[in-house]
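My questions are about this predicted structure, shown below with the sequence.
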Amino acid sequence: MTLIIVTGMPGAGSSTVIKESLQLRKEGESEGIEFIPRNYGDIMFEAARERGLVEKRDELRKLPGEKQREIQMLACNKIAEWRESMNLIIDTHCTIKTSAGYLPGLPEYVLRELKPDQFVLIEADPDEILERRKRDKTRERDVENRTSIEEHQFMNRAISMAYACLTGASVKIIENHDGALSKAASEFFALLKMLSKS
Amino acid sequence: MTLIIVTGMPGAGSSTVIKESLQLRKEGESEGIEFIPRNYGDIMFEAARERGLVEKRDELRKLPGEKQREIQMLACNKIAEWRESMNLIIDTHCTIKTSAGYLPGLPEYVLRELKPDQFVLIEADPDEILERRKRDKTRERDVENRTSIEEHQFMNRAISMAYACLTGASVKIIENHDGALSKAASEFFALLKMLSKS
Amino acid sequence: MTLIIVTGMPGAGSSTVIKESLQLRKEGESEGIEFIPRNYGDIMFEAARERGLVEKRDELRKLPGEKQREIQMLACNKIAEWRESMNLIIDTHCTIKTSAGYLPGLPEYVLRELKPDQFVLIEADPDEILERRKRDKTRERDVENRTSIEEHQFMNRAISMAYACLTGASVKIIENHDGALSKAASEFFALLKMLSKS
């Protein structure tokens, strides 16, 4: 089975691109293209809430690093189990910005367990990301500016290449610009088709 | 024996720099500086052609990721064998741009086998690279622009540091600008001399 | 016990930030915040001088890569030993600029031994770094310009993400601008407090 890991910083729109491209699948040619989308953060949040560690999802980022790593591993084990029997798209972050800095979303011990076949980075311009975050009132987010978004994007790209090196999987960058969601979704769908054939 | 891995994206001129610096060796002081140059892509192409997978070299990039990785490993095993008895310069790519994105040229399992002593990145300005690609009619190449070349160079530098981390080997950047090939070749030759002494 | 690795290129001021923040600890609330600062280069220098390999500290960078790696490992073993019984702040470099290029300061075999809990990058603007180096006459340093400093900073950030990937530890960037040392020191002190609690 195939495991695709899709990453995007908050505001890049990774979940939206995934949703839109699975919509394309329903509408058009879908022969053999069966991928189940799952959100790593959701799986972590469930695990953390079950243990009474958090009530709201944004609190995850504020837990001590050690706790975060523990919950990360619980979620990882679930995914590794599902991965045996289905094609998966896991929506997650390259790095999570915490008060201790950039926490790797997919450290080595997670990668060894998951064995992903493909990485996808969903990106947008820093200004687009800032605007989208302003509009999204459902999440508590740290105040950021253009420079800090650029820095985060740099660190995400850099660590994605460490992920590529450790797994042998390719890293595809898909740009998700304002007003061009269908372009991004088509690119991602083309990738799904290609990976389904191989 | 010493293994130097030289990388450069298409148009950076890695093969030319290697050739020119080995010419310097013939002309001048060459005491103890014996390196055999080999091209990773050539070795992969031979292996793939023998198996009837491709006819032209540029088709390699278009094979499914899994097939590419298989051929990569066959070439890797050959190099690891040669490496036992000779000083080698392997000319290759940090990442290969495929339809699935940036495929790592030297994933962990290749690095563990090869145990390189030194990495060299041959770089040039994006505009120089674009011009050189236009002039080179012998290869089929995707249309690219300044931004996509810059992105590729970013990803190459980033993954080279993952390679450095995993192997402990240094990464030397040598700039190969238009009209300054002899400068690049001298820098590379100086490195060969240094590595021959140590 | 907790191991924090603080890195900064020459002129970034990593040692100064550490010193200043430990001063903050003495002056204020220090309950349970006990960290011993050590400089990786000092430990390496001692080891190299004991073996008669160097007389001055700057000569370390000029040793052949193999020798540097040997000494790096000796220092690493000492730190791993101390780490068992105390909270440590290790002041070092992400990469060391040598004639063979960027030598990784914390290659995989060092990271596996040290198991750091946190990375901190102390950064400043390239112009600030150049000015500080000019003012510091105590060290022999290669001539550099804005571009080469930027390149070095790029490589440091990139490799720090490989370190993060291999260890699971976060990477915190702290900016140490001219006239704002106390801000940098406070940020670092806040991190020490946070890591002491967790």
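That came in fine, so what should we check first? Residues are numbered from 1 along each chain as shown, chains lettered A, B, ... in the order given.

going on from the helix or strand containing A:L74, what's the next piece of helix or strand?
A:L74 belongs to helix A:65-82 when elements are defined using DSSP states H and E. With elements assigned by DSSP H and E, the helix or strand that comes after helix A:65-82 is strand A:88-92.

CA atoms only: put that following strand into PDB for me.
Only the C-alpha atoms of strand A:88-92 are listed here, as PDB (Å, rounded to 0.1, in the frame of the first residue of the first chain):
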ATOM      1  CA  LEU A  88      -3.300   6.700   3.000                       C
ATOM      2  CA  ILE A  89      -2.900  10.400   2.700                       C
ATOM      3  CA  ILE A  90      -1.600  11.800   6.000                       C
ATOM      4  CA  ASP A  91      -2.000  15.500   6.500                       C
ATOM      5  CA  THR A  92       0.500  16.900   8.900                       C
END
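
quick one: the next helix or strand after that strand to chain centroid distance?
Downstream of strand A:88-92, the next assigned helix or strand under DSSP H and E is strand A:95-98. Chain-centre distance of strand A:95-98: 12 Å, with Cα atoms, centre = their mean, to the nearest Å.

so the helix holding A:L74 versus strand A:88-92, what angle?
170 degrees (axes from the mean of the first three to the mean of the last three Cα atoms, to 10 degrees).

what is the mean pLDDT for helix A:65-82?
Helix A:65-82 comes out with an average pLDDT of 88.

And that helix, what does it pack against?
strand A:36-39, helix A:40-50, strand A:88-92, strand A:95-98, helix A:108-114 (3 or more Cβ pairs under 8 Å, 6 or more residues apart in numbering or on different chains; DSSP states H and E). Any C-beta I mention is one placed from the backbone N, CA and C, and that applies to glycine too.

residues in chain A within reach of chain C, list them.
By Cβ under 8 Å from any Cβ of the partner chain, the residues of chain A that approach chain C are A:64-67, A:69, A:95, A:98-104, A:106-109, A:111, A:151, A:154-155, A:158-159, A:161-163, A:165-166.

Which single residue in chain A comes nearest to chain B?
In chain A, the residue that lies nearest chain B is A:K172 (3.0 Å; Cβ to the nearest Cβ).

And the spatially closest residue to that residue that is not a sequence neighbour, what's its pLDDT?
Distances taken as Cβ to Cβ, 6 or more residues apart in numbering or on different chains place B:G101 nearest to A:K172, at 3.0 Å, with adjacent residues excluded. Listed pLDDT for B:G101 reads 96.

ditto for A:S198
Looking at A:S198, its pLDDT stands at 60.

For the host helix or strand of A:L22, which outside residues touch it?
A:L22 is located in helix A:14-27, with elements delineated by DSSP H and E. For helix A:14-27, the external contacting residues (Cβ atoms under 8 Å, 6 or more residues apart in numbering or on different chains) are A:6-8, A:33, A:35, A:37, A:39, A:89, A:91, A:122, A:174, A:176, A:181-182, A:184-186, A:188-189, A:192.

Out of these, which end up buried?
For the contacts of helix A:14-27, a burial check counting by 16 or more other Cβ atoms under 10 Å in any protein chain shown picks out A:6-8, A:33, A:35, A:39, A:89, A:91, A:122, A:174, A:176, A:181, A:184-186, A:188-189, A:192.

So for stretch A:96-116, what gets flagged as buried?
In stretch A:96-116, counting by 16+ other Cβ under 10 Å, buried: A:96-98, A:100-108, A:110-111, A:114, A:116.

Just the closest residue of chain A to chain C, please.
Counting by Cβ to the nearest Cβ, chain A gets nearest chain C through A:G101, at 3.0 Å.

roughly how far apart are A:G41 and A:H93?
8 Å (Cβ to Cβ, to the nearest Å).

could I get the helix or strand of chain A with the lowest mean pLDDT in PDB with only the CA atoms?
In chain A, the helix or strand scored least confidently by mean pLDDT, DSSP states H and E is helix A:65-82, which has a mean of 88. Taking Å, rounded to 0.1, in the frame of the first residue of the first chain, the C-alpha atoms of helix A:65-82 are listed here in PDB:
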ATOM      1  CA  GLY A  65       8.300  18.600  24.100                       C
ATOM      2  CA  GLU A  66       8.500  15.300  25.800                       C
ATOM      3  CA  LYS A  67       4.700  14.900  26.100                       C
ATOM      4  CA  GLN A  68       4.300  16.000  22.500                       C
ATOM      5  CA  ARG A  69       6.700  13.300  21.400                       C
ATOM      6  CA  GLU A  70       4.900  10.700  23.400                       C
ATOM      7  CA  ILE A  71       1.500  11.500  21.800                       C
ATOM      8  CA  GLN A  72       3.200  11.800  18.400                       C
ATOM      9  CA  MET A  73       4.400   8.200  18.800                       C
ATOM     10  CA  LEU A  74       0.900   7.000  19.800                       C
ATOM     11  CA  ALA A  75      -0.500   8.500  16.600                       C
ATOM     12  CA  CYS A  76       2.300   7.100  14.600                       C
ATOM     13  CA  ASN A  77       1.600   3.600  15.700                       C
ATOM     14  CA  LYS A  78      -2.000   3.900  14.700                       C
ATOM     15  CA  ILE A  79      -1.100   5.100  11.200                       C
ATOM     16  CA  ALA A  80       1.500   2.400  10.800                       C
ATOM     17  CA  GLU A  81      -1.300  -0.100  11.500                       C
ATOM     18  CA  TRP A  82      -3.800   1.400   9.100                       C
END
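
Number of residues surrounding the closest residue to A:G105 other than its chain neighbours?
Nearest residue to A:G105, sequence neighbours excluded (Cβ to Cβ, 6+ apart): A:H93, at 4.3 Å. For A:H93, the count of nearby residues is 22 (other Cβ atoms under 10 Å in any protein chain shown).
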